[in-house]
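Asker: 3D, please:
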Amino acid sequence: MIKIQITKAQREREREREISMASLATQICSDISSIFSKPTHPHPPPLDLLLTELTTISAQNGRVFLYGVGREGLMLKALCMRLAHLGLSTHFVFDMTTPPITTNDLLIASAGPGGFSTVDAICNVARSHGARVLLLTAQPETGSCVKHASVICYVPAQTMADDADEEGAVKSRPVLPMGSLYEGALFVLFEMVVYKLGEVLGESPDAVRSRHTNLE
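Answerer: Numbers count the residues shown, from 1 in each chain. As a prediction, this is how the structure comes out:
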């Protein structure tokens, strides 16, 4: 009888943990989803903008270069991989095999808080060589990277540029701290881009899968 009671108690605790985990996951997904219902005017919707730019560069047989720092960079690396699976010539900046950028190419860079010294410099170099620069940012008006952009992709999510008050204190403990909301929004945005771009380019699931590395 005691063993049965212990088992029931364990099951109840496990069920409580599952509910708590599902609730937390729902809150995180809801926070990210809310970003895509926010207006971006006068900037075009980020999905439409990315689709237009990538479709154009594909039609011109140009190459796509991508760069971001920290967790933003990880999101862009994931996009770089999927664009390669879709058949585009894609390169992440600082990879050993990254070729020189030219006038036929597109650089997609991210600076959520508005600017990073490395992102500023890379965008400047890309523009000086005639490449088109698409800048992903949550600070489209004040960021230092904006002056180097050919086009701005506005993602209206919290970053470390606006997660604290003027004294630098964070008033509450958010579920998605610092720039996590922006970074999570990038992941979801890029998955939407990959899905839609696959349709535009006429890439079948089998064709996309065939380009995945077999050296794993």
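Asker: Spell out the residue ranges of the helices in the protein.
Answerer: Applying DSSP state H to the chain gives helices spanning 2-35, 46-59, 70-85, 117-128, 180-201, 205-210.
Asker: wait, residue 86 sits on residue 200?
Answerer: No: the criterion here is C-beta atoms under 8 Å, and residue 86 misses it with residue 200 at 9.6 Å. Yep, even glycine has a C-beta here, placed from its N, CA and C like the rest.
Asker: the more surrounded of the two?
Answerer: residue 86 (19 against 14; other C-beta atoms under 10 Å).
Asker: residues in contact with that one?
Answerer: Going by C-beta atoms under 8 Å, 6 or more residues apart in numbering, residue 86 touches 194, 197-198, 201, 203, 208, 211.
Asker: what's the least confident helix or strand in the chain, going by average pLDDT?
Answerer: None of the helices or strands of the chain scores lower by mean pLDDT, DSSP states H and E than helix 2-35, at a mean of 78.
Asker: Domains of this protein: list them as residue ranges, please.
Answerer: Annotated domains of the chain cover 1-35, 40-210 [automatic domain parsing].
Asker: worst average pLDDT in these?
Answerer: Note on the domains of the chain: domain 1-35 shows the lowest mean pLDDT, a mean of 77.
Asker: Make TSV from the helices of the chain and add distance to residue 158 to it.
Answerer: Formatted as TSV, the helices of the chain follow (distance: least, C-beta to C-beta, whole Å):
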stretch	distance to residue 158
helix 2-35	9
helix 46-59	16
helix 70-85	13
helix 117-128	19
helix 180-201	5
helix 205-210	33
